[in-house]
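> I'll drop the sequence and a predicted model, then ask my questions.
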Number of protein chains: 2
Amino acid sequence: MSLAIGIDLGGTNIKAALIDGDSSSLIASISRPTLDGEFVGDEPRFAHTVRDIVHELEAKAGQGKLCVGLSAPGLAHRNGRCIDWMPGRMHGLEKLDWSAFLGREARVLNDAHAALLGEVWIGAAKGCQDVFMITLGTGVGGAVLSEGRLLKGHIGRGGHLGHITVDANAPKDIFNTPGSLESFLGNKTLQERGAGKYENTHVLVAAAAAGDAEAQTLWLESVRYLAVGIVSLVNVLDPELVILGGGIASGAGDQLMQPLQSYLDDFEWAPGGHRIRIALATAGEWAGAYGCVYHCLNR
Amino acid sequence: MSLAIGIDLGGTNIKAALIDGDSSSLIASISRPTLDGEFVGDEPRFAHTVRDIVHELEAKAGQGKLCVGLSAPGLAHRNGRCIDWMPGRMHGLEKLDWSAFLGREARVLNDAHAALLGEVWIGAAKGCQDVFMITLGTGVGGAVLSEGRLLKGHIGRGGHLGHITVDANAPKDIFNTPGSLESFLGNKTLQERGAGKYENTHVLVAAAAAGDAEAQTLWLESVRYLAVGIVSLVNVLDPELVILGGGIASGAGDQLMQPLQSYLDDFEWAPGGHRIRIALATAGEWAGAYGCVYHCLNR
């Protein structure tokens, strides 16, 4: 057995798992609240919780110190020891050196990057070398695998697929990108897009399914923008597969995939008849933890 | 000396060079017309011309058979032996196995990919690991280097940076992409965009410089779309440098770079203060041949 610990440190919950790299089986898991904003002295409480979790999982494993893979929001440093940039929330996360703090080897990843690696290891992208994932939730995130390697980029910002323009004449998003994919698909912009009628995208999709014409128009417009974003990214990244993840994608299911496929029929380049293959994410709630372990064991 | 031959097989000209990989010096060069559409039996004339050129350059080198790097329009096959997909023109190029045809090791690349490698070896991107180039000419092309590797993708389509949407509500381009960068910047669409007033982008830029208000508006709109495309691609690819190549970029110079920089000031994410570095291509007319040799020697 080659055991490692994967920790998906999110803004709300910490999801940690002890995983066997050989069999990819989840041996034990722990989920605790992040308690963002609480501190122990000048250190964030979540860091202490992570350390406690590591000790508990190591005790279960009984093999001494294990490698820890950790993912979190923000841009991971090139050296893989910390999140280098994460303003605004999770105070105390930026620059925290996890190898030093935990006293054992730790490898740090951006959370979207980890989720994609989870899909590559045990999910919809199993065995893929060239694949990208778009995550539809509060915001729109993403990650790219190219020739089997995470596209991290120069400062770790690679794969911010929600921040590509699809309408240059629409207002700028939080990262200054005019009319981005996130602007037209994230839950955070739905109040504005839907004139306050739909609390979140699940409600919007349900209303569309129930025959609400206004909801149908708004939802199809969103899906059309997604299709346009996907073909753009395919022309740049040329993957063998595109994965759609996040609560909006899993919630909408066919209500997303069917209109999306029909827009793609219209917008795809398809050189030599090659079509884009699209799939929903399947790795589930432990995807991030799996991705972290995969990253540890495939350095 | 580690000599190799680089051949940039274009629709109009074949530009070939004998290059020393150690010193990166160009030892000899040959430029001949492609004569697209002429045949020798059922083989395209350009293939015979390429073979003649290889023999001539090898005779100059006096070292027997050399490795040949060859670039051409279209999608290169994963095996690097042929252009796999190139419909419409250069009949006879698709599927032509250059190693077999030339009777020596040949490595085949897409032409935009080769041009970027030329910039990486001897041009504006010297020493870069993460960089992309956008080429502004008749169409808009591009190529991506990620962690020092060409992003070729699954079927060789990686880096088609001109075919990303910047306005989803504008008409589709030749590859079905709605409102693409190419639609707003390529010479091939200028007649339509400029209501026939400007023969090509050089004329447009000159008119803008001379105070023609209509030309200024049209040119600034194009540059704004370019800025939007660049920030989108930066959010996906996170390069250390962006290179602008092609006749429009070299012709416009500061008339491009100054307004572009000011739009980028507005649209950039710039996490942690990291700004995008933009440069004009500098490798010149032999960039493609250099890139082909670089690819041969760095397999």
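Received, thanks. Residues are numbered from 1 along each chain as shown, chains lettered A, B, ... in the order given.
> Kindly state the beta-bridge partners for the residue nearest to residue A:289 when sequence neighbours are not counted.
Spatial nearest neighbour of residue A:289, chain neighbours left out: residue A:6 (3.4 Å); criterion: CB to CB, 6 or more residues apart in numbering or on different chains. To be clear about C-beta, it is placed using only N, CA and C from the backbone, and glycine gets the same treatment. Bridge pairing for residue A:6 (DSSP bridges) gives the partners residue A:17, residue A:69.
> Near residue A:6, how many other residues are there?
Residues contacting residue A:6 under the criterion other CB atoms under 10 Å in any protein chain shown number 33.
> any idea how far residue A:61 is from it?
According to CB to CB, to the nearest Å, residue A:6 stands 13 Å off from residue A:61.
> what do you get for residue A:29?
13 Å.
> overlap in contacts of those two?
Shared contacts of residue A:29 and residue A:61 (CB atoms under 8 Å, 6 or more residues apart in numbering or on different chains): residue A:18.
> Which residue, other than its chain neighbours, is closest to residue A:150?
Residue A:150's closest residue in space is residue A:113 (CB to CB, 6+ apart), at 5.2 Å.
> ah, wrong one, I meant residue A:266
residue B:176 (7.0 Å).
> Counting neighbours, what do you get for that neighbour?
Using other CB under 10 Å, residue B:176 is surrounded by 17 other residues.
> Tell me the secondary structure of it, please.
Look at residue B:176: counting by DSSP: H, G, I helix; E, B strand; the rest coil, its state is coil.
> which residues touch it?
Residue B:176 sits in contact with A:231, A:266, A:267, A:268, A:269, A:270, where contact means CB under 8 Å, 6+ apart.
> 7 Å instead, please
Counting by CB atoms under 7 Å, 6 or more residues apart in numbering or on different chains, residue B:176 touches A:267, A:268, A:269.
> Just the ones in helices from those residues, please.
Residues of those located in helices (DSSP state H): residue A:267.
> elements contacting the helix or strand harbouring residue A:8?
Remark: residue A:8 resides in strand A:3-9, with elements defined by DSSP states H and E. Strand A:3-9 sits against strand A:13-20, helix A:45-61, strand A:67-72, helix A:287-297, with contacts defined as 3 or more CB pairs under 7 Å, 6 or more residues apart in numbering or on different chains; DSSP states H and E.
> How about that strand, which residues are buried there?
A:3, A:4, A:5, A:6, A:7, A:8, A:9 (16 or more other CB atoms under 10 Å in any protein chain shown).
> and the third one, what pLDDT?
Residue A:5 is assigned a pLDDT of 98 by the prediction.
> wait, doesn't residue A:49 sit right on residue A:14?
Yes: between residue A:49 and residue A:14 there is a contact at 5.9 Å, judged by CB atoms under 7 Å.
> shared neighbours of these two, which are they?
By CB under 7 Å, 6+ apart, the residues touching both residue A:49 and residue A:14 are residue A:32.
> The residue of the stretch 51-200 of chain A found nearest chain B - nearest residue in space that isn't next to it in sequence?
Scanning the stretch 51-200 of chain A for the residue nearest chain B gives residue A:153, at 2.4 Å (criterion: CB to the nearest CB). Spatial nearest neighbour of residue A:153, excluding adjacent residues (CB to CB, 6+ apart): residue B:238 at 2.4 Å.
> need the contact list for that neighbour.
A:153, A:154, A:155, A:157, A:158, B:130.
> Phi first, then psi, for it.
phi 50, psi 60 (degrees, to the nearest 10).
> Same question for residue A:254.
When read as degrees, to the nearest 10, the backbone of residue A:254 gives phi -60, psi -30.
> neighbours around it, how many?
Residue A:254 has 11 nearby residues by other CB under 10 Å.
> got a pLDDT number for it?
Reported pLDDT for residue A:254: 97.
> do residue A:299 as well
Looking at residue A:299, the pLDDT reads 61.
> I figured residue A:57 hits residue A:18, correct?
Yes: assessed by CB under 7 Å, residue A:57 is found in contact with residue A:18 at 4.3 Å.
> Touching both of these two, which residues are there?
A:5, A:28.
> Chain A: helices as residue ranges?
So, for chain A - with DSSP H - the helices run A:45-61, A:98-102, A:111-122, A:181-185, A:190-193, A:201-209, A:213-237, A:247-252, A:254-267, A:287-297.
> Figure out which of the ones you listed is closest to residue A:92.
Nearest to residue A:92, of all these, is helix A:45-61, at 6.8 Å by CB to CB.
> list the helices and strands that closest one packs on?
The contact analysis (3+ CB pairs under 7 Å, 6+ apart) places helix A:45-61 against strand A:3-9, strand A:13-20, strand A:25-33, helix A:98-102.
> need the residues of the stretch 1-150 of chain A near chain B, please.
Applying CB under 7 Å from any CB of the partner chain, we find that the stretch 1-150 of chain A lies next to chain B at A:75, A:84, A:85, A:130, A:146, A:147, A:149.
> Just send those back as a markdown table, with pLDDT and distance to residue A:167 too.
As requested, these are exported to a markdown table (pLDDT from 0 to 100; distance: CB to CB, whole Å):
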| residue | pLDDT | distance to residue A:167 |
| --- | --- | --- |
| A:75 | 98 | 26 |
| A:84 | 97 | 31 |
| A:85 | 97 | 27 |
| A:130 | 98 | 27 |
| A:146 | 98 | 27 |
| A:147 | 96 | 32 |
| A:149 | 96 | 32 |
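> Filter the residues you listed down to the buried ones.
A:75, A:84, A:85, A:130, A:146, A:147.
> Could you pull up the residues touching the third one?
Same thing as residue A:85. By CB under 7 Å, 6+ apart, residue A:85 lies in contact with A:74, A:75, A:94, B:271, B:272.
> swap in the fourth one?
Residues counted as contacts of residue A:130 (CB under 7 Å, 6+ apart) are A:145, A:146, A:147, A:238, A:239, A:240, B:153, B:154.
> 8 Å instead, please
By CB under 8 Å, 6+ apart, the neighbours of residue A:130 are A:145, A:146, A:147, A:237, A:238, A:239, A:240, A:241, B:153, B:154.
> Greatest separation within these: which pair is it?
By the measure CB to CB, A:147 and A:241 form the most distant pair in the contacts of residue A:130, at 14.0 Å.
> measure the nearest residue to residue A:25 once chain neighbours are set aside to residue A:118 for me?
Excluding the flanking residues, the one nearest residue A:25 by CB to CB, 6+ apart is residue A:19, at 7.1 Å. Remark: distance between residue A:19 and residue A:118 (CB to CB) = 10 Å.
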